[in-house]
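Asks: sharing a model prediction with you, sequence too.
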Amino acid sequence: MKDFAGADRVSATMSSATQIHSPGKVIAVHDDGKTVIFAPRGTSYELHLKAVTPYAGPLNAPVEAVIRLSGRKVYTVPSGGNFVTPIMGPPRIVQGRVRSANDQELVIRAGANFVVALPAADSAIDLGNGAIALNTMVNVVALPGATFELAGTAVDTKAEDSELVQSSTRSPR
């Protein structure tokens, strides 16, 4: 897709599926499993999300989730922190760094990983601070209806299993 000036809107490629998973826990379920309250790990957020399929998984146990939302407006911004607003409720504004992207969607790290469907209208994407690329900061105003999909159950890993420790103990090639 092209922006109003004819330049590419997005200059990055999608990454592996594990980059879209968000670790956390489901702390409550409402409406017969149609709505979940998801608490991403390492945050105080309580995101109210629509379940893609009625949720019958564990409560207050580690899970991996895919959070999807549709962007109403997307801005590239020069600086600022990663955040979701409101802290409790359905996400309305998400700001964070782009982890991966293509012409139709972005993965943004903002306390959790959010898969954002880009708006169809080029006028809904404001590239005031350059093209959307890996590691650039973007601000997304979301349409109502963010969704939750269970990706799997999180597994507790020991320090010896961490990527950092493994890479430091591997022999050089």
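Replies: Here it is on my side, so go on.
Asks: which strand or helix spans the residue positioned nearest the centre of the chain?
Replies: When Cα atoms, centre = their mean is applied to the chain, the residue found nearest the centroid is Phe114 (1.4 Å). Using DSSP states H and E, Phe114 sits in strand 113-117.
Asks: partners of that strand in the sheet?
Replies: Partner strands and pairing direction for strand 113-117 (DSSP bridges) are strand 62-76 (parallel), strand 105-109 (antiparallel).
Asks: which residues of this protein score low on pLDDT?
Replies: Across the chain, the ranges flagged by pLDDT under 70 are 1-19, 152-173.
Asks: measure the spatially closest residue to Ile37 that is not a sequence neighbour to Phe38 for me?
Replies: Across the structure, with Cβ to Cβ, 6 or more residues apart in numbering as the measure, the residue nearest Ile37 apart from its sequence neighbours is Ala28 (4.2 Å). (C-beta placed from N, C-alpha, C; glycine too.) Spatial separation of Ala28 from Phe38 under the definition Cβ to Cβ, to the nearest Å is 9 Å.
Asks: so which of the two has more stuff around it?
Replies: Each of Ala28 and Phe38 has its neighbours counted (other Cβ atoms under 10 Å); Phe38 has more, 24 against 13.
Asks: surely that one is in contact with Val29?
Replies: No: the pair Phe38 and Val29 does not pass the contact test of Cβ atoms under 8 Å, sitting 10.2 Å apart.
Asks: wait, what's in contact with the residue nearest to Ile37?
Replies: With Cβ atoms under 8 Å, 6 or more residues apart in numbering as the criterion, the residues that contact Ala28 are Val36, Ile37, Leu59.
Asks: is the first one bridged to anything, and to what?
Replies: Going back to what we said before, that points to Val36. Bridge pairing for Val36 (DSSP bridges) gives the partners Val29, Leu49.
Asks: if we can go back for a sec, give the contact list for the residue nearest to the centre of the chain.
Replies: When contacts are counted by Cβ under 8 Å, 6+ apart, Phe114 is found next to Ser22, Ile67, Arg68, Leu69, Val84, Pro91, Val94, Gly96, Val107, Ile108, Val140, Ala146.
Asks: list the contacts for Ile93?
Replies: Remark: with contacts taken as Cβ under 8 Å, 6+ apart, Ile93 is in contact with Phe83, Val84, Thr85, Asn139, Val140, Val141, Ala142.
Asks: one more time with 10 Å
Replies: If a contact means Cβ atoms under 10 Å, 6 or more residues apart in numbering, then Ile93 has Arg72, Lys73, Phe83, Val84, Thr85, Pro86, Ala110, Asn139, Val140, Val141, Ala142 as its contacts.
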